[in-house]
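Q: here is my input, please return the structure:
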Amino acid sequence: MENITDEQAIKLTKDAFDLIKQSKTVSELKAIPDIINIPIKDRMKTDGYPKIEFSLSICDIHSLINNKIIDDELNFTHDVTKRLTDPLSKLLYAIAWKNGDLSKVKHIIKGVIESKSCENNYNKALVFYQFGKFLTKTVGQPIIDQHVIRAFAVYKSINSNEKINELREIETLNKKHKGLISDYKDWLTSDFITKELKMIEDYSFYIDELLFAIGKTIKIKKHEKK
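A: Model (predicted):
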């Protein structure tokens with residue numbers, strides 16, 4: 001779907017959310033991209049983003065601090081490379097180092113620590129912060145990213161006067177999107193989602209996977225603006 005119009009974006013989004021509202025199983029959610037003809041290239045690649053089966057707890061974080069892996073500022077300690085012993089930790093640290101991602105760990109850790117907090121005062125690296133909350137497997141703490149929030153924003157605005165094209169341009173999430181993020185989290189636990197679906201462990205992961213594809217499809221790319 002190249003050069004998708006606002007009208008097409010609205011219809012695609014509305015059709016998807018209508019089907020979500022009816023879904024009672026993961027299989028029904030997984031069938032939606034085919035039903036509404038989401039391009040394959042816009043769908044989340046499961047080999048690149050397989051479902052995370054582990055959880056991360058506050059006790060795990062305290063263990064990392066006690067073992068001098070993480071410092072009191074929630075960053076990796078300067079001599080952490082001397083303390084890594086198992087090959088997996090070394091490999092994953094090396095990937096984060098090479099990608100320049102070491103500084104992002106503190107936002108994930110902050111999310112883990114505040115996973116049960118109702119406060120909404122954190123304004124930095126919101127995607128990583130929320131990802132930390134998700135990793136605790138706390139109910140009502142989903143993964144979020146620009147594509148998911150873009151799809152939700154467009155759906156939420158269908159019957160309002162908001163400019164759809166501006167919502168379709170959402171990219172980096174920041175503090176001005178915190179209200180949308182909160183609304184999305186409320187929506188995931190609302191009666192919009194069938195009780196049968198909410199009984200399935202990690203049901204929000206599969207909704208996230210679907211909204212990722214919708215949000216990516218309806219996004220206004222730079223070449224479209226031109």
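Q: for the residue nearest to Y206 when sequence neighbours are not counted, give me the pLDDT.
A: Among residues not flanking Y206 along the chain, L29 sits closest, at 4.7 Å (Cβ to Cβ, 6 or more residues apart in numbering). To be clear about C-beta, it is placed using only N, CA and C from the backbone, and glycine gets the same treatment. Confidence at L29, expressed as pLDDT, is 97.
Q: which residues does L29 contact?
A: Neighbouring residues of L29 by Cβ atoms under 8 Å, 6 or more residues apart in numbering: 20, 23, 197, 206-207, 209-210.
Q: go with 7 Å
A: 20, 23, 206-207, 210 (Cβ atoms under 7 Å, 6 or more residues apart in numbering).
Q: ok, T13 next?
A: So T13 contacts 151, 154-155, 214, 218 (Cβ under 7 Å, 6+ apart).
Q: at 8 Å instead, please
A: 151, 154-155, 158, 214, 218.
Q: follow-up on the earlier one: list buried residues within the contacts of L29.
A: The neighbour-count test (16 or more other Cβ atoms under 10 Å) marks 20, 23, 206-207, 210 as buried among the contacts of L29.
Q: could you list the domains of this protein?
A: What the record gives for the chain is the domain set 6-41+139-225, 58-135, from automatic domain parsing.
Q: enumerate every residue touching the residue most central in space within the chain.
A: Nearest to the geometric centre of the chain sits I144, at 2.0 Å (Cα atoms, centre = their mean). Applying Cβ under 8 Å, 6+ apart, one finds that I144 lies in contact with 126-127, 130-131, 173, 181, 184, 208.
Q: between those, which is nearest L56?
A: Closest approach to L56 among the contacts of I144 (Cβ to Cβ): F131, at 10.1 Å.
Q: next, count neighbours for that closest one.
A: Using other Cβ atoms under 10 Å, F131 has 21 neighbouring residues.
Q: just checking, it touches G111?
A: Yes. Here F131 reaches G111: they are 6.3 Å apart, a contact under Cβ atoms under 8 Å.
Q: just the element for the residue nearest to Y206, please.
A: Using DSSP states H and E, L29 maps to helix 26-35.
Q: next helix or strand past that helix?
A: That would be, after helix 26-35 and using DSSP H and E, helix 58-66.
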